[in-house]
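**Student:** Fold the stuff below for me.
(one chain, ligands or ions: 2)
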Amino acid sequence: MSSKLFFLAIAALHPYEAVEPHMGTLFSIKLYAGDEKSAKQAFQAAFARIAQLDETLSDYKAESELTRVTLSSRAALSGDLFTVLSKGQWLSAQTDGAFDVTLGPLTHLWRQARRAHQLPSAEVLQEALSRSGFRKMHMDGQSVRFDVSGMQLDVGGIAKGYAADEALAVLSKLGIKSALVVASGDLAFSDAPPGEEGWKVAIEALDRPLLLTNAAVSTSGSAEQNFVVNGVRYSHIIDPKTGLGLTTSVTTTVIAPHGIDADGMATAINVLGLERGLAFIEKQSGVAAAFLIDQERRVVFSNRWPVAARSTSTPATDRLRRSERRP
Ligand code: AMP
Ligand code: MG
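**Tutor:** Ligands and ions are numbered 1, 2, ... in the order given. Just a heads-up that it's a prediction; the model follows:
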């Protein structure tokens, strides 16, 4: 193709956007296509793939594969459930169980507690803990096996990132090379928009946006979902050691090559906390993280966080103090 023709092909792409509810949240897709017809076909195919994953991975649906496999002591897995559970088990092993897809009994208790504004009793918590724990789940080949009955899976900490990856894969097969998928705190994107250097991703508390291509960014924390009992704020992210929602208020953002990793790791390091979380992130190739320590409004970056996106917006009082210090 001559360079002139190539330029014309790029110039002919237009932006399109569509939003649909899936996985208990809104999925928004932005893509560049030659015309509206191909954009519509692309949206349909990508949303159909996300809906299919919701049918497989939902812990709210009695008929989902995720729910069904826990009913037998050993079950063969589809490729999607195998991918997600294997990644979950890998993350558990790497984080000493801070990330755990077998916390279903506890996340279900958490939802009840949030509705009732009351914590579960110690006995109820203990019983749920006895049916949880990644060491009680085993993956052999394409199957999963459970040591105790009544276990429940919850892949809510990783499924949206995986769905975003899979939506991008569908779009890529249809020839759409430049797209962005957003599902609340989870984003994944392919090539840069035509004529631009990358996708601009603004992160709360950071002045400068990230500029990235072919990557994913996930944010986890208690800001979106939490409840207060006796003046204590409990996150929807569970500490597997206690079975209770986290009471620390840290927001974690992870940049990784794929959504499944960014999503899972952002949740995992939220549980691990700053020190252990940073140590974990530095060991992962191509991964960077930022920790926003809410009470102090302090942001800590891992080594690979892009230097150009490191400045932070500090609270007004802090800014004032600094300007006062100027000569
Ligand atoms: P995210 O918003 O990606 O951080 O995921 C939070 C969701 O992950 C919760 O709503 C639960 O469904 C699930 N979850 C809670 N605690 C954990 C945990 N310690 N490990 C893995 N998943 C969790
Ligand atoms: Mg997550």
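**Student:** drop to CA atoms for contacts and neighbour counts, all remaining ones
**Tutor:** Noted.
**Student:** Run through the helices of the stretch 101-250 of the chain in chain order.
**Tutor:** Listed in chain order, the helices of the stretch 101-250 of the chain (DSSP state H, counting those that start in this stretch) span 104-116, 122-130, 159-173.
**Student:** Return the most buried member of these.
**Tutor:** helix 159-173 (a mean of 23; mean count of other Cα atoms under 10 Å).
**Student:** quick one: the residue in the stretch 151-300 of the chain that ligand 1 sits nearest to and V101, what's the gap?
**Tutor:** Residue nearest to ligand 1 within the stretch 151-300 of the chain: G157 (3.2 Å; Cα to the nearest ligand atom). Separation of G157 from V101 (Cα to Cα, to the nearest Å) stands at 8 Å.
**Student:** between those two, who's got more neighbours?
**Tutor:** For G157 versus V101, the count of surrounding residues by other Cα atoms under 10 Å is larger for V101: 26 against 20.
**Student:** residue ranges with poor pLDDT in this protein?
**Tutor:** Across the chain, the ranges flagged by pLDDT under 70 are 1-11, 312-327.
**Student:** quick one: buried residues of the lengthiest helix in it?
**Tutor:** For the chain, the helix with the greatest residue count under DSSP state H is helix 259-282. Within helix 259-282, the residues scored as buried using 16 or more other Cα atoms under 10 Å are 259-274, 277-278, 280-281.
**Student:** Ignoring the adjacent residues along the chain, who's closest to I50?
**Tutor:** The shortest distance from I50 to any non-neighbouring residue, by Cα to Cα, 6 or more residues apart in numbering, is to A163 (5.6 Å).
**Student:** Hmm, the one you found is touching L53, no?
**Tutor:** Yes - judged on Cα atoms under 8 Å, A163 makes contact with L53 at a distance of 6.7 Å.
**Student:** residues contacting the most centrally placed residue in the chain?
**Tutor:** For the chain, D263 is the residue whose C-alpha lies nearest the centre (Cα atoms, centre = their mean; 2.5 Å). Neighbouring residues of D263 by Cα atoms under 8 Å, 6 or more residues apart in numbering: 157-162, 186, 217-220, 254.
**Student:** so which of these comes closest to ligand 2?
**Tutor:** Ranked by distance to ligand 2 (Cα to the ion), these are led by G157 at 3.8 Å.
**Student:** wait, isn't the closest one in contact with I260?
**Tutor:** No - using Cα under 8 Å, G157 is not in contact with I260, being 9.3 Å away.
**Student:** about what we covered before: how about the longest helix of the chain, does it reach ligand 2?
**Tutor:** Yes - on the criterion Cα under 5 Å from the ion, helix 259-282 is in touch with ligand 2 at 263-264, 267.
**Student:** Please work out the angle formed by the directions of that helix and helix 159-173.
**Tutor:** Note on geometry: by axes from the mean of the first three to the mean of the last three Cα atoms, to 10 degrees, helix 259-282 and helix 159-173 are set 120 degrees apart in direction.
**Student:** Helix 259-282 near ligand 1 anywhere?
**Tutor:** Yes - using Cα under 6 Å from any ligand atom, helix 259-282 comes into contact with ligand 1 via 263, 267.
**Student:** Packing partners of the helix or strand following that helix?
**Tutor:** Next along the chain after helix 259-282, taking DSSP states H and E as the criterion, comes strand 288-293. Strand 288-293 is packed against strand 250-256, helix 259-282, strand 298-301, with contacts defined by 3 or more Cα pairs under 8 Å, 6 or more residues apart in numbering; DSSP states H and E.
**Student:** among these, which is nearest Y16?
**Tutor:** Taking Cα to Cα, helix 259-282 is the member of those nearest to Y16, at 21.6 Å.
**Student:** quick check: angle from the closest one to strand 250-256?
**Tutor:** Using the same axes, to 10 degrees: helix 259-282 against strand 250-256 is 110 degrees.
**Student:** Off-centre distance for helix 259-282?
**Tutor:** Helix 259-282 has its C-alpha centroid displaced from the chain centroid by 11 Å (Cα atoms, centre = their mean, to the nearest Å).
**Student:** can you check stretch 247-262 too?
**Tutor:** Centre-to-centre, stretch 247-262 and its host chain are 6 Å apart (Cα atoms, centre = their mean).
**Student:** Can you give me the end-to-end span of stretch 17-26?
**Tutor:** Start-to-end, stretch 17-26 (Cα to Cα) is 13 Å.
**Student:** Report the buried residues of that stretch.
**Tutor:** 22-23.
**Student:** Determine if any part of that stretch is in contact with ligand 1.
**Tutor:** No - judged by Cα under 6 Å from any ligand atom, stretch 17-26 stays clear of ligand 1, getting no closer than 10.4 Å.
**Student:** which outside residues touch that stretch?
**Tutor:** So stretch 17-26 is contacted by 27-31, 43, 47, 50-51, 54, 58, 160, 183-184 (Cα under 8 Å, 6+ apart).
**Student:** could the helices and strands packed on strand 288-293 be laid out in JSON lines, adding distance to T67?
**Tutor:** Converted to JSON lines, the helices and strands packed on strand 288-293 look like this (distance: least, Cα to Cα, whole Å):
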{"stretch": "strand 250-256", "distance to T67": "29"}
{"stretch": "helix 259-282", "distance to T67": "20"}
{"stretch": "strand 298-301", "distance to T67": "38"}
